[in-house]
Every structure is written in C-alpha cells, then in structure tokens.
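> need a structure here:
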Amino acid sequence: MRTQSSYSSSASLLKGSAQDCFGSRLELQLVLPNESKACRLWSDICKELSRIDKVFNSDNPASEVSVLNGSKTEIEPSEELKDALNLCEAYLIKTKKIFNIDKDGKLDFGGFIKGYAMQKIAKLILAAKVKDAFVNFGGSIIWAIGKQPYCPNWCFTLENPETEDEIAFFELGNEVLAISHDDSRYCCIRGKDPLECKILSLAYLQASPSQRMDMGYNFKGVEPQYFDL
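Now for the predicted structure:
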C-alpha cells in the first residue's frame, strides 16, 4: 500500500490517498483546523488499513486468511477473525445465502473487507471528533459526515467507466453509499452502516425479485437503486 497526503491551511483540509488498498484506491478528505492532529489521524488510519490487510486480505500471502486457506491442519483463528466469521454467517442467513465468503472451500473476504475497513476508519474519525469528512473507497463505498468546505454537503458522481458519462449524482451527508455492479447495471444502497450497505449492494445485485422481497424483511428501510449501463 502506497500512501500520500497534503494539507491546506486555508481550508483546514487534509487530503489523503492510499494506492493498492485491497485492490482499490482510497481517497479521504478531513476537515480539521489542527494540521498535526489531522496528520496523526491519517497516520492512524493507514496503520489500521495495514493491520486489516494482514488479517483479511487473501491476496496477501502472509495474511491470516491466506495462511488458514493454505494450511493442511486446523488452525485456531484470531478473535477478530472469529467475530468476522460469525458476522458473515449471520449475513449468509439474512441474504438468503447470496452473500457467502466460502469460495470453493476457501475463505474469501473480498465482499467484506472494504465495508469492514470503512467501519474502522469511520470509528477513528468520529473518535477524533471530526465533524466534516469524506472517504471514497474506489467508488465502491463512500462514507460522508458533515459537509465539504464552502459547500452545503459532499457530492459523488457515478460515471460509466468506459464512456465517463454521468449515470447518477448523489449529495451525501452523514450517510454511506455502497455501489456494486455487473455487466449491465449498478446497484446502490444508502444507509448508516458501511459493512451492511456494502454487503447489501452485492446481495441485491445478485438476488431474484422474490429473494429481494424476502431480504426486505431482514433489512428494514433499505431501498436499492438500480442504474443501467
């Protein structure tokens, strides 16, 4: 993971980015009048991302998940991984077995890791009493609180990756936007919990109409939006 950051004193704004972060680029904006505090917070976020990578990233051969997948003997997982496995089991049931981290007998947290990481990032930002922030995980999951400097809110434009035409425009404030897509359409979920929103964007995209109806009983207040490519 390669990181960089810059700070604007006039806007009290720190901009940070992390390349090759779970296969994506993470971009972050923090509004903090104290530059040293903003830089410490960014450093803490980068450390947390590295820590999560060492546990859940199956593309990292040294991660705990990779070691478990490659072991021929039973290994006791860490408490964090046990908790994640229990959580994924609950979502497996709630999504009618659509969200499943078992891929041909191997653990694959690809649909979990970004939402989980965003949960941890949000916790760090809120603990630092930041009132205005925007985090974009490769256009896959976005978390926003407060507003952008000199603007009433934060904004995100969903574009067609091939034509760069605008598909949808979102104004965000104190919420999560999770986005998943296949070859024909996008599924967007807005909510409060980054992990749940990301999982649901994947599940609703793959679900049949009857499965979506059944899932609606487990996830009240969720209304997916679909956009054709």
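
> hey, let's count contacts and neighbours off CA atoms from now on
Will do.

> and residue 99, what pLDDT?
Listed pLDDT for residue 99 reads 97.

> what do you get for the one 4 residues further on?
According to the prediction, residue 103 has pLDDT 93.

> again with residue 215
Residue 215 is assigned a predicted lDDT (pLDDT) of 89.

> give me phi/psi at it?
When read as degrees, to the nearest 10, the backbone of residue 215 gives phi -60, psi -30.

> send me the lowest-mean-pLDDT helix or strand in the chain as PDB with only the CA atoms.
Least confident helix or strand, the chain: helix 209-216 with a mean of 89, by mean pLDDT, DSSP states H and E. The C-alpha coordinates for helix 209-216 follow below in PDB (Å, rounded to 0.1, in the frame of the first residue of the first chain):
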ATOM      1  CA  PRO A 209     -37.200 -10.400  -7.300                       C
ATOM      2  CA  SER A 210     -38.500 -13.000  -4.800                       C
ATOM      3  CA  GLN A 211     -35.200 -13.000  -2.900                       C
ATOM      4  CA  ARG A 212     -35.200  -9.200  -2.700                       C
ATOM      5  CA  MET A 213     -38.600  -9.300  -1.200                       C
ATOM      6  CA  ASP A 214     -37.600 -11.900   1.400                       C
ATOM      7  CA  MET A 215     -34.400  -9.900   2.200                       C
ATOM      8  CA  GLY A 216     -36.600  -6.800   2.700                       C
END
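
> got the buried residues for it?
Within helix 209-216, the residues that qualify as buried by neighbour count (16 or more other CA atoms under 10 Å) are 211, 212, 215, 216.

> kindly report the same for stretch 17-28.
Within stretch 17-28, the residues scored as buried using 16+ other CA under 10 Å are 17, 18, 21, 22, 24, 25, 26, 27, 28.

> pairing partners for the fifth one in the sheet, please.
Think residue 24. Residue 24 has the following beta-bridge partners by DSSP bridges: residue 21.

> which SSE is immediately downstream of the least confident helix or strand of the chain?
Downstream of helix 209-216, the first helix or strand assigned by DSSP states H and E is strand 225-228.

> what is that next one packed up against?
strand 185-191 (3 or more CA pairs under 8 Å, 6 or more residues apart in numbering; DSSP states H and E).

> for the very next helix or strand once past the strand it packs on, give me every contacting residue.
Later in the chain than strand 185-191, the nearest helix or strand by DSSP H and E is helix 194-206. Applying CA atoms under 8 Å, 6 or more residues apart in numbering, the external contacts of helix 194-206 come out as 95, 98-99, 111-112, 114-116, 118-119, 140-141, 143, 176-182, 186-191, 212, 224.

> what do you get if the cut-off is 6 Å, keeping everything else the same?
The contact list for helix 194-206 (CA atoms under 6 Å, 6 or more residues apart in numbering) reads 98, 99, 115, 116, 119, 176, 178, 179, 180, 187, 188, 189.

> show me where the chain has strands.
With DSSP state E as the criterion, the chain has strands at 2-8, 13-21, 24-31, 102-103, 106-107, 133-137, 141-145, 154-159, 166-172, 175-181, 185-191, 225-228.

> isn't residue 171 up against residue 157?
No: counting by CA atoms under 6 Å, residue 171 does not reach residue 157; the two are 8.9 Å apart.
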